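Novice: Structural data only, the sequence is not supplied:
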């Protein structure tokens with residue numbers, strides 16, 4: 001990441017923290033289909049009901065960071081005391097490495113507010129579905 005981009009991300013995150021987080025009020029209503037499509041990229045490392053390279057995402061909104069059983073987290077994530085609210089997820093997903101230096105999540109970030117809204121809305125919707133915790137057949141044995 002270039003020095004200018006790194007400084008820009010750091011400034012954006014610092015400013016968002018000063019004004020109470022990213023403004024979600026101006027964003028359009030979430031599109032669950034777009035959120036599902038975006039999640040397909042997350043599925044390279046995360047499962048909804050199963051830990052893969054990253055921890056499972058069922059119930060992520062409202063969960064304490066670093067708390068999924070049987071998943072080995074970085075110390076920084078385990079000790080972060082973060083609860084994954086919509087606002088915390090927005091800031092984290094903007095630039096995981098800038099928000100939580102030392103995280104193992106090697107994802108550059110999702111810079112578009114509307115896309116983050118779509119993804120978070122999708123995660124909330126699937127988490128409300130009782131079948132979310134069931135391991136999809138295509139994920140069985142995938143590690």
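Specialist: Looks like it came in fine. What you are looking at is a predicted structure, and each value in this text was computed from that prediction instead of being measured.
Novice: Look at the nearest residue to residue 96 once chain neighbours are set aside and give its secondary structure.
Specialist: Distances taken as CB to CB, 6 or more residues apart in numbering place residue 105 nearest to residue 96, at 4.5 Å, with adjacent residues excluded. Backbone N, C-alpha and C define where each C-beta goes, glycine included. Following DSSP: H, G, I helix; E, B strand; the rest coil, we place residue 105 in the coil state.
Novice: for residue 105, what are its contacts?
Specialist: By CB atoms under 8 Å, 6 or more residues apart in numbering, the contact list for residue 105 reads 54, 96, 97.
Novice: how much space between it and residue 92?
Specialist: Spatial separation of residue 105 from residue 92 under the definition CB to CB, to the nearest Å is 8 Å.
Novice: again with residue 53
Specialist: Using CB to CB, one obtains 17 Å as the distance from residue 53 to residue 92.
Novice: Same check on residue 55?
Specialist: Residue 55 sits 13 Å away from residue 92, going by CB to CB.
Novice: now swap in residue 101 and tell me
Specialist: As for residue 101, its distance to residue 92 is 12 Å (criterion: CB to CB).
Novice: what do you get for residue 34?
Specialist: Going from residue 34 to residue 92 by CB to CB gives 19 Å.
Novice: now residue 119
Specialist: Residue 119 sits 12 Å away from residue 92 when distances are taken as CB to CB.
Novice: Over to residue 52?
Specialist: Residue 52 sits 19 Å away from residue 92 when distances are taken as CB to CB.
Novice: So for those two, which residue has more residues nearby?
Specialist: Taking residue 52 and residue 92 together and counting by other CB atoms under 10 Å, residue 92 has the greater number of neighbours (24 against 15).
Novice: For that one, give me its contacts.
Specialist: With CB under 8 Å, 6+ apart as the criterion, the residues that contact residue 92 are 82, 84, 99, 100.
Novice: quick one: which of these has the most company?
Specialist: residue 99 leads those on contacts (other CB under 10 Å) with 22 neighbours.
Novice: does the residue nearest to that one when sequence neighbours are not counted sit in a helix or strand, and which one?
Specialist: In this structure, residue 99 finds its nearest non-sequential neighbour in residue 92, 4.8 Å apart by CB to CB, 6+ apart. Secondary-structure assignment from DSSP states H and E places residue 92 in helix 86-94.
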